[in-house]
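Trainee: Could you work out the structure for the sequence below:
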Amino acid sequence: MKKVILFGNFLEEIKPLIKKYGFVLTTKEKEAQFVICYGGDGTLMFAEEKYPSLPKILLKGSRICKKCENVSNLKVLSKVKSGKFKIMKIWKLEAKFKNKKILGLNDIVVHNGDIRHAIRYKIFIDDVLIKDEIIGDGVVISTPFGSTGYYRSITKSYFEEGIGLAFNNSTEAIDHLVLNEKRKIKIVIKRGPALVYADNQSQNFILNENHSVEVKKSKNYAKIVRVL
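Mentor: Residues are numbered from 1 along each chain as shown. Presented below is the predicted three-dimensional model:
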């Protein structure tokens, strides 16, 4: 009998189906074997922020859920109950500024803190400057898992390996980049303020002139259940 935390909106409409397949609901993280995310892609992001150690079972409760399985919720629960699933480990990005650190499953975003003004910034890859100065709304640094989201809306593309950089509304044409996942990225703000955040998390920090943020692949992973 599997104990699960149910997470999302409109949970009352999915509870009967979950109980029908023998799952026991709990609110205690230490008791739970899984988190069932009922909603869309954003629900997964919120659940991962709150319960990073637990595997996530994705049930579609929204019209848009790109990360959900291409089978019915009933089929997902049936297969998990019978053990016909695997747990995929999805690596995250981490951003560090001074003694602060945030983790992103989809992406790390550096965005203009004042929407009326562009930011000016420089990007270094493994301490090598790639362009003297970029002016725009900022940059999206994406994992392959997150490349079908914000990254894709800017670049009209996605990728399956590496770390992607998408430049948001730059004044000069600059093509997106896909780097080896071992590369380290440093962004130095020359004119701010710039807001740095991960996924749809409320946690963030502000960068002002000559502040820098370092972004790299994290040692932390998300665990996503995929049925067989």
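Trainee: And the chain, split by domain according to the record?
Mentor: 3-83, 93-219 (automatic domain parsing).
Trainee: With mean neighbour count added, can I get the ones you listed in CSV?
Mentor: Heads up, the C-betas are built off the backbone N, CA and C, glycines and all. Shown next, in CSV, are the domains of the chain (neighbours: other Cβ atoms under 10 Å):
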stretch, mean neighbour count
domain 3-83, 17
domain 93-219, 18
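Trainee: Tell me which of those lies nearest to Arg226.
Mentor: Proximity to Arg226 (Cβ to Cβ) singles out domain 3-83 among the domains of the chain, at 7.2 Å.
Trainee: Any idea how far apart the tips of that closest one sit?
Mentor: Domain 3-83 stretches 14 Å from its first residue to its last (Cα to Cα, to the nearest Å).
Trainee: Quick one: distance of that domain to the chain centre.
Mentor: Centroid displacement of domain 3-83 relative to its chain, using Cα atoms, centre = their mean, to the nearest Å, is 17 Å.
Trainee: Nearest the geometric middle of this structure, what residue?
Mentor: Asn106 (2.3 Å; Cα atoms, centre = their mean).
Trainee: looking at it, it is touching Arg152, isn't it?
Mentor: No - counting by Cβ atoms under 8 Å, Asn106 stays clear of Arg152, with 10.8 Å between them.
Trainee: so what sits against both of those two?
Mentor: Counting by Cβ atoms under 8 Å, 6 or more residues apart in numbering, Asn106 and Arg152 have no shared contacts at all.
Trainee: okay, the residue nearest to the centre of the chain: pLDDT?
Mentor: We have a pLDDT of 97 for Asn106.
Trainee: Give me the spatial nearest neighbour of it, chain neighbours excluded.
Mentor: Gly146 (2.9 Å; Cβ to Cβ, 6 or more residues apart in numbering).
Trainee: ok, the one you found - contacts?
Mentor: Gly146 neighbours (Cβ under 8 Å, 6+ apart): 104-107, 199.
Trainee: for Ile189, same thing?
Mentor: Counted by Cβ under 8 Å, 6+ apart, Ile189 has contacts 119-121, 207-212.
Trainee: picking that back up, relative to Gly149, how far out is the residue nearest to the centre of the chain?
Mentor: Asn106 sits 5 Å away from Gly149, taking Cβ to Cβ, to the nearest Å as the criterion.
Trainee: if I look at the two, which residues touch both of them?
Mentor: Shared contacts of Asn106 and Gly149, counting by Cβ under 8 Å, 6+ apart, come down to Ser142.
Trainee: wait, which of the contacts of Gly146 is closest to Phe23?
Mentor: Distance to Phe23, by Cβ to Cβ, is smallest for Leu105 among the contacts of Gly146, at 23.9 Å.
Trainee: And that closest one, how close does it get to Asn73?
Mentor: According to Cβ to Cβ, Leu105 stands 22 Å off from Asn73.
Trainee: do Gly61 as well
Mentor: 8 Å.
Trainee: between these two, what contacts are shared?
Mentor: In terms of Cβ under 8 Å, 6+ apart, Gly61 and Asn73 are both contacted by the residues Ile14.
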